[in-house]
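Engineer: Got a predicted model here, sequence first, then my questions.
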Amino acid sequence: MAVSRKYFGTDGIRGRVGEAPITADFMLKLGWAVGKVLGSSTCDKVLIGKDTRISGYMFESALEAGLSAAGMDIRLLGPMPTPAIAYLTRTLHACADIVISASHNPYADNGIKFFSAQGTKLPDEVEREIERMLDEPMVTVDSSQLGKAVRVHDAEGRYIEFCKSTVPLSLSLHGLKIVLDCANGATYKVAPAVFDEMDAEVISIGVEPDGLNINEDCGSTKPKNLQAAVLEHGADLGIALDGDGDRVAMVDHTGQLLDGDELLYIIARSRHQAGMLRGGVVGTVMSNLGLEHALKRDGIELKRAAVGDHYVLEMLVQEGWVLGGESSGHIICMDRTATGDGIVSALQVVTEMIKSNKRLAELREGMHKYPQHMINVPVSGRVNLKEHAPIQAAVQASEARLAGRGRVLLRPSGTEPVVRVMVEGEDEAQVRQEAAELAEVVQRLLNTTAA
C-alpha cells in the first residue's frame, strides 16, 4: 500500500520545472540528503543519468554539487534509459543511482527517481529518511573529503550488450521489419542499435531530441504516428518506448495497438508453456479484467498490487515470482533484470513471435480486453478519497449497478494532480455512463473541473 510522503510520489519526485520542488536549489539539497542517507564507509559512489529534456543539464549539475558536498563520488552517464541506469548501478558497484526524468510527461516537467545498489526502487523507509534529511541544515564535508565526478564513456555499449543478453544468443531478427519509436527520449541511440545488431530491418522515428520534443506526439503514450508508420512501411510490428525507456507499447502488422496488459499476457503464457514462469503474475489494481481471466484459463494466478512498478516489484519479491507489470507498459521480467525495461520487454515478445512462428496479432488472440473507461479529474493538492463519504457512496452505487459484471476504481494519481476515475465491465455503454457519472460527483464534491 502506498504511504503518503511530502515529496515522493509513486514514481519518485516529479513536477513542473521552476516550481517547487523541481528547482535547482532543491536539487542541490536533495543531492546532499541522498549522499548523507546512502553513503557509507564501504560505498561512496552514485550514478547520475537523465533523459533528453533541456532541464536535465541544470538538475544534473545541482545534484552533482550536492552529492559532492556530502562526500560522494559521482559517475555521470548522460542521456540513458532509466533501466540502463539501474543496470549500470549494479555492474559499476555504486551505492545508488539518480535518474533525472519525468518519464512520459512533456518537456516542461521533470523529476527524480532513485534506484538502490541492487538496481531496484528505493524502499519507502529510505525515501522517508531522505525527506527527513532534507529538513536538516546542509553541512559540507571538509574539502579533503569532497566527492569527484567522472563521466562514464562506455555506458551505451554496456547496456546494448546487456539487452541482447536477455534473449538466446542464437536468436536472429533477420527478416523482421520493425518500426521503432523512441519518443525523442533517452532510448534514441541505444534502442535502434539493439535491434539493428540483432539483424532486424529497423525504421526509427522519434530519434531527434532537441530538449523540447520529448514525448511530443510520439512514444508509448501517443502511438498514432507509430501505427501509421507500421502500415506505411508494411512492417511486421512496431515498438513504442516512452521518454525514459521503462515503458513499452507495441503495434501489430495491422496497426492495432497492444498495451502493457496484452504484452504481459504474451510473455506470461510463453514462460508458462516453457515451464519457466515460476509462480503467477503480479498486475495492479488497474490491470484489465481480461488479463486476469485469460491467465486463469491457462492456470496462472494474477495478484494485484497498488499502482506503480515499485509496488509490483515489492509483491514479486514477497511472492517469489518473476513476472509482473502495469497496463501502462511497465513490465518487470525479474528473470532478466531488476526493474521495468521497455527494450528488454519488447525483446521477450519478439522472441515468442520467432519461437512460435506467429505474428503479434495471433499471440494476442487469447486475451479479450474488457471495455475500460478512465476520466482524469484535476484536483488541487493531495486528496484522501476515503474521507469523502458521498464519493464512497457513489462508488458503491455504481458497483451495485454493475452487479458483478465489472469494477470501479478511484485513485489519486501519484504523478499528476488528478483523481483517476476508472470503470470497467462487459457493457461499454454502461461503463462510459458510470465513469461519467462518477467523475461528475468527484468534480462537484472536490470543487474542480473534469478534464
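Structural biologist: That came through fine.
Engineer: contacts and neighbour counts: CA atoms only from here.
Structural biologist: Will do.
Engineer: Report the contact partners of the closest residue in space to Glu424 that isn't next to it in sequence.
Structural biologist: Leaving aside its sequence neighbours, Glu424 sits nearest to Gln372 (C-alpha to C-alpha, 6 or more residues apart in numbering; 4.3 Å). Residues in contact with Gln372, defined by C-alpha atoms under 8 Å, 6 or more residues apart in numbering, are 288, 422-425, 428, 431.
Engineer: Would you mind measuring from Ala86 to Gly255?
Structural biologist: 32 Å (C-alpha to C-alpha, to the nearest Å).
Engineer: Strand partners (parallel or antiparallel) of the least confident helix or strand in the chain by mean pLDDT?
Structural biologist: Using mean pLDDT, DSSP states H and E, the weakest-scoring helix or strand in the chain turns out to be strand 406-412, at a mean of 90. Under the criterion DSSP bridges, strand 406-412 sits next to strand 418-425 (antiparallel) in its sheet.
Engineer: More neighbours: Ala86 and Gly255, which one.
Structural biologist: Between Ala86 and Gly255, counting by other C-alpha atoms under 10 Å, Ala86 is the more crowded of the two (29 against 23).
Engineer: mind checking the backbone torsions on the more buried one?
Structural biologist: Ala86 adopts backbone torsions of phi -60, psi -40, taken as degrees, to the nearest 10.
Engineer: Test my guess that it contacts Phe115.
Structural biologist: Yes. Ala86 lies in contact with Phe115 (C-alpha atoms under 8 Å); the separation is 6.1 Å.
Engineer: Check what contacts stretch 49-62 and list those residues.
Structural biologist: 17, 23-25, 27-28, 31, 48, 76-82, 85, 97-101, 107, 110, 184-186, 209-214, 243-244.
Engineer: Quick one: distance of it to the chain centre.
Structural biologist: Here stretch 49-62 is found 19 Å from its chain centre; the criterion is C-alpha atoms, centre = their mean, to the nearest Å.
Engineer: Start and end of that stretch, how far apart?
Structural biologist: 13 Å.
Engineer: Would you mark the buried spots in that stretch?
Structural biologist: 49-56, 59-60, 62 (16 or more other C-alpha atoms under 10 Å).
Engineer: helix, strand or coil for Gly35?
Structural biologist: helix (DSSP: H, G, I helix; E, B strand; the rest coil).
Engineer: Test my guess that it contacts Glu64.
Structural biologist: No. Gly35 sits out of contact with Glu64 when judged by C-alpha under 8 Å, with a separation of 10.2 Å.
Engineer: wait, what's in contact with the nearest residue to Leu237 once chain neighbours are set aside?
Structural biologist: Closest residue to Leu237 apart from its sequence neighbours, by C-alpha to C-alpha, 6+ apart: Asp252 at 4.8 Å. Contacts were defined as C-alpha under 8 Å, 6+ apart; by that measure Asp252 touches 236-238, 258, 359-361.
Engineer: 7 Å - rerun?
Structural biologist: 236-238, 360-361 (C-alpha atoms under 7 Å, 6 or more residues apart in numbering).
Engineer: what do you get for Ile178?
Structural biologist: Here Ile178 is in contact with 200-203, 235-238 (C-alpha under 7 Å, 6+ apart).
Engineer: Please indicate which of the contacts of Gln372 has the highest neighbour count?
Structural biologist: Val423 (29 neighbours).
Engineer: Report the contact partners of the residue of the chain most remote from its centre.
Structural biologist: In the chain, Ser144 marks the outermost C-alpha relative to the chain mean, sitting 39.2 Å out by C-alpha atoms, centre = their mean. By C-alpha under 7 Å, 6+ apart, the contact list for Ser144 is empty.
Engineer: if I look at it, how far off is Val194?
Structural biologist: Taken as C-alpha to C-alpha, the span from Ser144 to Val194 is 42 Å.
Engineer: Give me the angle between the longest helix along the chain and strand 418-425.
Structural biologist: Longest helix of the chain, by residue count under DSSP state H: helix 428-445. Angle between the axes of helix 428-445 and strand 418-425 is 150 degrees (criterion: axes from the mean of the first three to the mean of the last three C-alpha atoms, to 10 degrees).
Engineer: the helices in the stretch 51-200 of the chain, which residues?
Structural biologist: Under the criterion DSSP state H, counting those that start in this stretch, the stretch 51-200 of the chain carries helices at the ranges 55-69, 82-91, 124-134, 155-165, 190-197.
Engineer: Oh, that last question was meant for the stretch 251-400 of the chain, not what I typed.
Structural biologist: Going by DSSP H, counting those that start in this stretch, the stretch 251-400 of the chain shows helices at 260-273, 289-297, 309-319, 342-356, 360-363, 389-402.
Engineer: mind saving the C-alpha coords of the first one as PDB?
Structural biologist: To tie it back to what came earlier, the one meant is helix 260-273. As requested, the backbone C-alpha atoms of helix 260-273 are provided in PDB (Å, rounded to 0.1, in the frame of the first residue of the first chain):
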ATOM      1  CA  GLY A 260       1.100  -3.500 -21.200                       C
ATOM      2  CA  ASP A 261      -1.600  -6.000 -20.200                       C
ATOM      3  CA  GLU A 262      -1.600  -7.700 -23.500                       C
ATOM      4  CA  LEU A 263       2.200  -7.800 -23.700                       C
ATOM      5  CA  LEU A 264       2.300  -9.200 -20.100                       C
ATOM      6  CA  TYR A 265      -0.100 -11.900 -21.200                       C
ATOM      7  CA  ILE A 266       2.100 -12.900 -24.100                       C
ATOM      8  CA  ILE A 267       5.200 -13.100 -22.000                       C
ATOM      9  CA  ALA A 268       3.500 -14.900 -19.200                       C
ATOM     10  CA  ARG A 269       1.900 -17.500 -21.500                       C
ATOM     11  CA  SER A 270       5.300 -18.000 -23.200                       C
ATOM     12  CA  ARG A 271       7.100 -18.500 -19.900                       C
ATOM     13  CA  HIS A 272       4.300 -20.800 -18.600                       C
ATOM     14  CA  GLN A 273       4.400 -23.000 -21.700                       C
END
